[in-house]
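Visitor: 3D, please:
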Amino acid sequence: MVMAEGRTNSGLNSPRSPFEFIINHLSATEKSVVDCCSVLPNRLRLRKLHDFVSVFLQQGFQHDQSTSVEVDLYLRVENVRLLERFYHWQNRNLNDSSLPAAGTLYMTPTHLIFVNPVEKRESWILLGHIGTVDRASIIPSGCPLVVRCKTFLSVTFLIAKDRDCHEVYAALLRLSQPSVYEELYCFSHNPGDEAFDKTSGWNMFDLQTEYHRQGVPNQNWSLSKLNQNYEICDSYPHNLYVPSVASQKILLGSAGFRSRGRLPVLTYLHPKTKAAICRSSQPLSGFKARCEEDEQMLVCILKATPSSKTVYIVDTRPKINAMANRATGKGYETEQNYVGMKVHFFTIENIHVMRGSLGKLGEVCDLKAGVEDLNVPSHSIFLDGLQNTSWLKHIRAILEASVFVADKICEGSSVLVHCSDGWDRTSQTCALACLLLDPYYRTLHGFMALIEKDWLAFGHKFSERAGHLRPFQTASGNSPALTPSSAVNAVVSDFAKEQSPVFLQFLDCVWQLLVQKPHLFQFNERFLLTLHDHLHSCQFGTFIGNNEKERKEMRLSEQTYSLWEFMKRRLTEYVNPLYDTDKSRQTPVMQPDLSPQNIRLWVMMYNRFEEGIHPREPLSTSLQVLKDHSTAMDDHVVLLERRIQLLKEVYKQNALRAVATPTFDMNGIGTRGSFESNESVPELTKAPVIVDSVAVDWKATRDVAFCVCSTPFSQFSIKYHCWRCGDVVCRRCTENHAALEGLFSKKPVPVCQQCNDSIRSTNKKKAVVIQKIQSGQPYA
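Guide: Sure, this is the predicted structure:
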């Protein structure tokens, strides 16, 4: 999970800073190069050092000489203090004794790293997560630099020198949002895993395969090839499914009458009612304009739904907004022109209102000072501020529209969903309606397929809405290659107005459903948080670009890694222990409760980095630990039962053999037979029961603050258990899997590094013994 997190180097041999760790791994010649850099003020200017930093600090970042990222953007600033409480320096006169310990601030092309030598802790912030950077007024203690992240982390760096603060500020403006796609992190990211190939994950989902799962094409719906070269609509996928009775003339005419050429096409077909969810953009109706082909297109959708007498047109916009668009030549459908159709408006606001609402929500969640207590905001201030944001009101409006669509589909009526251009509110509503209707989309694999279909394929503008790029303009209107000095004086263009938390709202709505019906979802909250973080991290190419056409032109599947493959390798982290497969199948349609009291603030998202308000051990994590422990014990018990049963059989066989063939001593007195085993006895009965190979008792995770490798556990870290020794370890220490002799299934399970080394050593000794036996050599 990529997010800002604390790290530590508390081991005896651990370096005090990440750069010292690099230096320890350099040759004598390379160390001399680094020594030459030390004379430069606060910078590492030599290009050669770029490669060294890349290997150890940037998770595999590889420098490309053709990129515009220069080496002088690596900064090292001493005497910096990290203030997690904004009001500390804003409302009080501080002195050195009341300030936290000073540390060193490093900057790489991908991360901002603060090293606190006193606490031996490193704080990492991914540059792609940075949303805004502000320079506050200089105070006696230094120059405050406030960094607010898109992951709702807010920190303040108190830098001693104004010049250093200026350099960090300028570099952050440039690196957090580059001006071209090629400078994004995903084009240089290298996970360092040979098994993680760039082609992996890109072919995991196919749009036609998903439609085939729905039973399309069929006699009512067929595949259209008109958009193979994106000639009709460049923001639609190249394969479109439309009513079989719709002629080419109707399709072209409808596309010409819809905004951006986004004609009505199929996105979901219900398997039982055969009702369809279609999506499009608003019609170019103006005040009086009509289009016969567009009207016929909706009639074709009605004919493709034999059980339906009406097609519901869901316009997700407030009606007043739709009426205002008429003045610009756009508008909405009228029931007088579209015979047999019913139009329903909803109150989902536009991207600008949502962006403002999120800004207010960020301010409310960042409240640090109340009227009486400077540490905690007063209850009334927080609740009043939350209400003024209208954020929960917007979440409820999106859910209401989605529930309406799902209800009409269950009744057997097809629905056409659109907003203005059909790639924001339409994606939210269609995807959530599919989630309510189809249990498949509530699984891990199905939810990824849902995002691929209704968000990526149908042209949600991820890069614009997430602000992956930020073009700057000088006062003269030119857009030259940026330098730190020009970035400081740059003015953000209207491109910033295109940013909006559309996908975040979708994830928030999914979380609301997950909280209400946890047994119906295979994935957990961490899965949603990971999706949100990687939308902004730009570490993978999955969410880069604004439509399918752009992604093909950038050749993302060849030049970047897929997020789906990354998450596929960590599926155990995202499994919901409360998921019930049988109940999910028995509940094909989900019915959420949208009462106001059931719409909650997603604290783990918006107050994720606020200490003291989260439980020390999340319930889902505790349940998963119990589930894993129970699985291990059940497997161990099966092995023990099989051993006992086989030993009973051996005892019985030897007893019968002893009675049948008694032996005699020297005096001719009969004695009982021997119970010695022979070669026909199964190997399982010969081996002793190895209890120590499986941990019966697992160590409690609640009070464990550090892994055995000295890595600290934060409130976001997942604590794993070694199935052999039962110790609590981090994810890095459980990357090894081994088959334990105490488990009947012999499936590879997570083990710590020490246990893995012990198992490998034992297996080597066994292999040597077996080899000697086979060759007839004596062995000890």
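Visitor: residues in contact with residue 740?
Guide: 693-694, 723-724, 746, 749, 751, 759 (Cβ atoms under 8 Å, 6 or more residues apart in numbering). In short, each C-beta sits where N, CA and C put it, glycine included.
Visitor: same deal with residue 587?
Guide: Under the criterion of Cβ under 8 Å, 6+ apart, the contact list for residue 587 reads 439, 517, 520.
Visitor: cool, and residue 637?
Guide: Contacts of residue 637 were listed using Cβ under 8 Å, 6+ apart, and none were found.
Visitor: if I look at it, how far off is residue 763?
Guide: Taking Cβ to Cβ, to the nearest Å as the measure, residue 637 falls 24 Å from residue 763.
Visitor: For the nearest residue to residue 497 once chain neighbours are set aside, pull up the helix or strand it's in.
Guide: Excluding the flanking residues, the one nearest residue 497 by Cβ to Cβ, 6 or more residues apart in numbering is residue 352, at 6.9 Å. Using DSSP states H and E, residue 352 sits within helix 351-365.
Visitor: which non-adjacent residue is nearest residue 346?
Guide: Nearest to residue 346 is residue 401, by Cβ to Cβ, 6+ apart, at 4.2 Å.
Visitor: isn't residue 557 right up against residue 202?
Guide: Yes: in this structure, residue 557 is within contact of residue 202 by Cβ atoms under 8 Å, at 4.1 Å.
Visitor: sorry, back to before: if I look at the residue nearest to residue 497, how far off is residue 610?
Guide: For residue 352 relative to residue 610 (Cβ to Cβ), the value is 28 Å.
Visitor: Looking at those two now, which is surrounded by more residues?
Guide: When residue 352 and residue 610 are compared for neighbours, residue 610 comes out ahead with 18 against 12, by other Cβ atoms under 10 Å.
Visitor: Using TSV, lay out the contacts of residue 587 together with distance to residue 109.
Guide: Formatted as TSV, the contacts of residue 587 follow (distance: Cβ to Cβ, whole Å):
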residue	distance to residue 109
439	43
517	43
520	42
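Visitor: Tell me which of those residues fall in strands.
Guide: Counting by DSSP state E, the contacts of residue 587 place none of their members in strands.
Visitor: Tell me which of those residues fall in helices.
Guide: Among the contacts of residue 587, none falls in helices (DSSP state H).
Visitor: now, among the residues you listed, which is nearest to residue 397?
Guide: residue 517 (20.2 Å; Cβ to Cβ).
Visitor: give me the number of residues near that closest one?
Guide: Residue 517: 17 surrounding residues under other Cβ under 10 Å.
Visitor: again, but for residue 333
Guide: By other Cβ under 10 Å, the burial measure for residue 333, its neighbour count, is 21.
Visitor: pLDDT below threshold where in the stretch 101-250 of the chain?
Guide: The model of the stretch 101-250 of the chain has pLDDT under 70 over residues 194-195.
Visitor: which helices and strands does whichever strand or helix holds residue 448 pack with?
Guide: Using DSSP H and E, residue 448 maps to helix 444-451. Packing partners of helix 444-451 (3 or more Cβ pairs under 8 Å, 6 or more residues apart in numbering; DSSP states H and E): helix 425-437, helix 525-537.
Visitor: Tabulate the ones you listed (a markdown table), appending mean pLDDT, mean neighbour count and distance to residue 174.
Guide: As requested, those are exported to a markdown table (pLDDT from 0 to 100; neighbours: other Cβ atoms under 10 Å; distance: least, Cβ to Cβ, whole Å):
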| stretch | mean pLDDT | mean neighbour count | distance to residue 174 |
| --- | --- | --- | --- |
| helix 425-437 | 98 | 27 | 31 |
| helix 525-537 | 95 | 22 | 17 |
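Visitor: Which one, of these, ends up nearest to residue 267?
Guide: helix 425-437 (5.3 Å).
Visitor: Now do that closest one and helix 444-451, the angle between them.
Guide: Counting by axes from the mean of the first three to the mean of the last three Cα atoms, to 10 degrees, helix 425-437 lies at 150 degrees to helix 444-451.
Visitor: could you give the angle of helix 425-437 to helix 351-365?
Guide: Going by the same axes, to 10 degrees, helix 425-437 makes 70 degrees with helix 351-365.
Visitor: Off-centre distance for helix 425-437?
Guide: Per Cα atoms, centre = their mean, to the nearest Å, the displacement of helix 425-437 from the mean C-alpha position of its chain is 19 Å.
Visitor: do stretch 141-149 as well
Guide: Using Cα atoms, centre = their mean, the offset of stretch 141-149 from its chain centre is 28 Å.
Visitor: Run a quick neighbour tally on residue 760.
Guide: 12.
Visitor: Could you pull up the residues touching it?
Guide: With the criterion set at Cβ under 8 Å, 6+ apart, residue 760 makes contact with residue 738.
Visitor: helix or strand for it, which one?
Guide: helix 753-775.
Visitor: Flag every buried residue along that helix.
Guide: Neighbour-count burial for helix 753-775, counted by 16 or more other Cβ atoms under 10 Å, picks out 753-756, 759.
Visitor: Just send these back as TSV, with pLDDT too.
Guide: Converted to TSV, the buried residues of helix 753-775 look like this (pLDDT from 0 to 100):
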residue	pLDDT
753	86
754	86
755	88
756	87
759	86
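Visitor: and the nearest residue to residue 534 once chain neighbours are set aside, what does it touch?
Guide: Among residues not flanking residue 534 along the chain, residue 563 sits closest, at 5.4 Å (Cβ to Cβ, 6+ apart). By Cβ under 8 Å, 6+ apart, the contact list for residue 563 reads 201, 534, 539-543.
Visitor: Looking at those residues, which is nearest residue 649?
Guide: residue 201 (49.4 Å).
Visitor: I figured the closest one was touching residue 565, is that so?
Guide: Yes: between residue 201 and residue 565 a contact is recorded at 2.9 Å, counting by Cβ under 8 Å.
Visitor: Quick check: residue 158 touching residue 81?
Guide: Yes: Residue 158 is within contact range of residue 81, at 4.2 Å (criterion: Cβ under 8 Å).
Visitor: hey, what's in contact with both of the two?
Guide: Counting by Cβ under 8 Å, 6+ apart, the common neighbours of residue 158 and residue 81 are 99, 141-142.
Visitor: need the contacts of residue 740 in CSV with secondary structure and distance to residue 236, can you?
Guide: Output for the contacts of residue 740, formatted as CSV (DSSP: H, G, I helix; E, B strand; the rest coil; distance: Cβ to Cβ, whole Å):
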residue, secondary structure, distance to residue 236
693, helix, 57
694, coil, 54
723, coil, 49
724, coil, 53
746, coil, 50
749, strand, 46
751, coil, 49
759, helix, 53
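Visitor: Dump those residues to a markdown table, plus distance to residue 218.
Guide: Output for these, formatted as a markdown table (distance: Cβ to Cβ, whole Å):
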| residue | distance to residue 218 |
| --- | --- |
| 693 | 55 |
| 694 | 52 |
| 723 | 48 |
| 724 | 53 |
| 746 | 46 |
| 749 | 45 |
| 751 | 50 |
| 759 | 54 |
